[in-house]
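Trainee: Need coordinates for the following:
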Amino acid sequence: MRSNTQHTLQAWWAQALAVLALILTVGSMQPAHAAAKDLPDFSDLVEKVGPAVVNIRTTQKVSQVQQNAMPNFPGLDPNDPFYEFFKRFMPPMQPQQPQQPQAPRGKSEREVPAGVGSGFVIDSEGYILTNHHVVDGAESIFVTFPDKREFKGKVIGSDQRTDVALVKIEGKGFPALKIGDVNKAKVGQWVVAIGSPFGLDNSVTAGIISAKGRDTGEYLPFIQTDVAVNPGNSGGPLLNLDGEVVGINSQIYSRTGGFMGISFAIPIDEAMRVVKQLRETGKVSRGRIGVGIGEVDKDVAKALGLNTAQGALVGSVTKDSPADKAGVIAGDIILKFDGRKVDKASDLPRIVGETKPGSRVNMTLWRKGAEKTVQITVGEFENEKAAKASAPKKTEPAQADRFGMAVSDATDAERKSLGFGGGVVVRAVEGVAADAGIAVGDVILQVGRQDISSAKQFAEVVKGVAKGQAVPILVRRGENSFFVVLTP
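Mentor: Next up is the predicted model:
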């Protein structure tokens, strides 16, 4: 009896354990199945947009002397990581010896491969968008579609500052990509890149948007992604999951020449603004106001009464420029331009650049603790060369003040050389002023919210500053001005 009972119990436990194991197995498989189901499938997207993404090859003219002086590796850019490999391990192509006396240099030029990039059709009439650096200096441009059709391209216009170029091929009915809304793109969303890395046509990579509005020191705020982009991807589209273009793949962050997990794309809305001008005039016209600017840090903002560190600090104003005529002075902080908020200094050149030259707009400034609105007529951008100021002559230093500065009135020669009316010249510096970066020869224009006109007035103003009170000091150095916050 006991043996039968034990046998029955053993059988029951075996069945229970089997059922439990099955439940655990099914339970553990469920999330993995669900997770796999949530992953995007890019195949339909690629099939839809792929025919509009093109390979771009360029050629350049070089003299026969240049051609013979270096190894010939067709199709490889010297910046390519593989270029050095072929240079080391493959013998250069040997040029044929001329059978006749060498022709004059102008007649011995020939076209050689210059580079490989990508692009995409934005209009069925044959307009193709790519990067400026892909077609820059090209003698001939060849556009190849995935179906192997090849066309000769013509540059309609190219803009180095935004790295955008518009190419046209002859024909009609070309497949074109739809332009998306960058403002709807969110950090963390999936994106896809299609291009020709290292000349490998129609390569597809995917990743997510890592950041938006990324400042890299360039004119535009970039879209940062972790999509694998390599040399040859330049000019190709960055697409959302609806197959719409949200950016143009343009740059990578790399210490090796290859992909390291960080790539940058030009926002498509910025690029299309450039395209509009290129189609209409073949060039880009930008606004300018003639100011040198810097960032506003937290200490300066607090000392000047601003609630947040925002805007662009005017460090210098070009003589007879739109800003000068509008009454803008060094030390002003530009908060808004034509109704658009200036969050950081790098926003201003972009906003002004997008404004049509000749437009008369309102500009909101922060000056001496209050907002001030001025009207300014936007000029046209041109390369400006700031006049180099000669160093002020040194005189016998006066006694140092509570900030550690000894100042005196500027001589007539100094005022003429530096081109300013008020202010005092720093003759010696130590203590907190030296620690903050003030140097001999700097000109002090303001202390707090008071303009400085003489050394006597400067001493009185400094004497009235309470102990421990942070005070903004407007300093001019050469052609530029900046704020320094000092605490006596």
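Trainee: use CA for all of it now, contacts and neighbours both
Mentor: Fine.
Trainee: all strands of the stretch 351-488 of the chain, in order?
Mentor: 360-367, 370-377, 379-380, 405-409, 424-429, 443-447, 450-451, 471-477, 480-486 (DSSP state E, counting those that start in this stretch).
Trainee: Strand partners (parallel or antiparallel) of the third one?
Mentor: Here strand 379-380 is paired, per DSSP bridges, with strand 287-288 (antiparallel).
Trainee: Show me what secondary structure element comes after the strand it pairs with.
Mentor: Counting by DSSP states H and E, the next helix or strand C-terminal to strand 287-288 is strand 291-294.
Trainee: helix/strand/coil for Val49?
Mentor: helix (DSSP: H, G, I helix; E, B strand; the rest coil).
Trainee: Give the buried residues for stretch 326-343.
Mentor: In terms of neighbour count (16 or more other Cα atoms under 10 Å), stretch 326-343 has its buried residues at 328-338, 341-343.
Trainee: Then stretch 456-466?
Mentor: Residues of stretch 456-466 classed as buried: Phe458, Ala459, Val461, Val462, Val465 (neighbour count, 16+ other Cα under 10 Å).
Trainee: what's next to stretch 423-436, contact-wise?
Mentor: Contact with stretch 423-436 is made by 394-398, 400, 403-410, 438-446, 451-455, 458, 484-488, as judged by Cα atoms under 8 Å, 6 or more residues apart in numbering.
Trainee: Would you convert the buried residues of stretch 456-466 into a markdown table that also reports pLDDT and distance to Val53?
Mentor: Converted to a markdown table, the buried residues of stretch 456-466 look like this (pLDDT from 0 to 100; distance: Cα to Cα, whole Å):
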| residue | pLDDT | distance to Val53 |
| --- | --- | --- |
| Phe458 | 87 | 65 |
| Ala459 | 86 | 68 |
| Val461 | 85 | 66 |
| Val462 | 85 | 66 |
| Val465 | 82 | 65 |
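Trainee: could you dump those to CSV with distance to Ala138?
Mentor: Formatted as CSV, the buried residues of stretch 456-466 follow (distance: Cα to Cα, whole Å):
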residue, distance to Ala138
Phe458, 60
Ala459, 63
Val461, 62
Val462, 62
Val465, 63
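Trainee: ok, so of the residues you listed, who is nearest Gly422?
Mentor: Phe458 (11.1 Å; Cα to Cα).
Trainee: Nearest residue to that closest one in space, please, no chain neighbours.
Mentor: Excluding the flanking residues, the one nearest Phe458 by Cα to Cα, 6 or more residues apart in numbering is Ile452, at 6.1 Å.
Trainee: Kindly report the same for Phe145.
Mentor: Closest residue to Phe145 apart from its sequence neighbours, by Cα to Cα, 6+ apart: Val54 at 4.9 Å.
Trainee: Against Ile266, how distant is the one you found?
Mentor: 18 Å (Cα to Cα, to the nearest Å).
Trainee: Which one's more surrounded, these two?
Mentor: More neighbours surround Val54 than the other of Val54 and Ile266, with 32 against 26 (other Cα atoms under 10 Å).
Trainee: Quick one: list the elements packing against the helix or strand containing that one.
Mentor: Per DSSP H and E, Val54 falls inside strand 53-62. Where contact means 3 or more Cα pairs under 8 Å, 6 or more residues apart in numbering; DSSP states H and E, strand 53-62 is packed against strand 110-123, helix 132-135, strand 140-144, strand 190-195.
Trainee: moving C-terminal of the third one, what's the next helix or strand?
Mentor: I take that to be strand 140-144. Taking DSSP H and E, what comes next after strand 140-144 is strand 150-159.
Trainee: Output that following strand as PDB, nothing but the C-alphas.
Mentor: Extracted in PDB, the C-alpha atoms of strand 150-159 (Å, rounded to 0.1, in the frame of the first residue of the first chain):
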ATOM      1  CA  GLU A 150      24.000  56.800 -65.400                       C
ATOM      2  CA  PHE A 151      23.700  60.500 -66.100                       C
ATOM      3  CA  LYS A 152      26.100  63.400 -66.300                       C
ATOM      4  CA  GLY A 153      25.300  66.000 -63.600                       C
ATOM      5  CA  LYS A 154      25.500  69.800 -63.500                       C
ATOM      6  CA  VAL A 155      26.000  71.800 -60.400                       C
ATOM      7  CA  ILE A 156      23.200  74.400 -60.100                       C
ATOM      8  CA  GLY A 157      24.600  75.900 -57.000                       C
ATOM      9  CA  SER A 158      26.700  75.000 -54.000                       C
ATOM     10  CA  ASP A 159      27.100  76.600 -50.600                       C
END
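Trainee: which helices and strands sit right next to that strand?
Mentor: So strand 150-159, by 3+ Cα pairs under 8 Å, 6+ apart, packs with helix 132-135, strand 140-144, strand 164-168, helix 268-281.
Trainee: Give me the buried positions along the last one.
Mentor: Which is helix 268-281. Under 16+ other Cα under 10 Å, the buried positions of helix 268-281 are Ile268, Asp269, Glu270, Ala271, Val274, Val275, Leu278.
Trainee: From Ile262, how far off is Gln251?
Mentor: 9 Å.
Trainee: Tell me which of these two has more neighbours.
Mentor: Gln251 (19 against 16).
Trainee: Note down every partner strand of the strand or helix carrying the more buried one and its orientation.
Mentor: Take DSSP H and E as the rule and Gln251 turns out to sit in strand 244-252. The strands beside strand 244-252 in its sheet (DSSP bridges) come out as strand 178-179 (parallel), strand 237-239 (antiparallel), strand 263-267 (antiparallel).
Trainee: Name the residues that touch the first one?
Mentor: Right, strand 178-179. With Cα under 8 Å, 6+ apart as the criterion, strand 178-179 contacts Ile122, Gly243, Glu244, Val245, Val246, Ile268.
Trainee: The first one touches Ala176, doesn't it?
Mentor: Yes - checked against Cα atoms under 8 Å, the pair Ile122 and Ala176 is within contact range at 5.0 Å.
Trainee: Can you check my assumption that Pro349 lies in a helix?
Mentor: Yes - Pro349 forms part of a helix when assessed by three-state DSSP.
Trainee: check contacts around Gly294.
Mentor: Ala312, Leu313, Val314, Gly315, Ala345, Phe482.
Trainee: tell me which residues form a beta bridge with it?
Mentor: If you apply DSSP bridges, the partners that Gly294 bridges to are Leu313.
Trainee: any idea how far the closest residue in space to Pro175 that isn't next to it in sequence is from Thr144?
Mentor: Spatial nearest neighbour of Pro175, excluding adjacent residues (Cα to Cα, 6+ apart): Ala52 at 5.1 Å. With distances taken as Cα to Cα, Ala52 is found 10 Å from Thr144.
Trainee: And Ala211, by the same measure?
Mentor: 32 Å.
Trainee: So if I had to pick from the two, which one is more boxed in?
Mentor: The neighbour comparison of Ala211 against Thr144 (other Cα under 10 Å) goes to Thr144, with 20 against 15.
Trainee: Identify the residues contacting the closest residue to Ile444 other than its chain neighbours.
Mentor: Once flanking residues are discounted, Ile444 sits nearest to Val475: 4.8 Å by Cα to Cα, 6+ apart. By Cα under 8 Å, 6+ apart, Val475 lies in contact with Ile438, Asp442, Val443, Ile444, Leu445, Gln446, Ser481, Phe482, Phe483, Val484.
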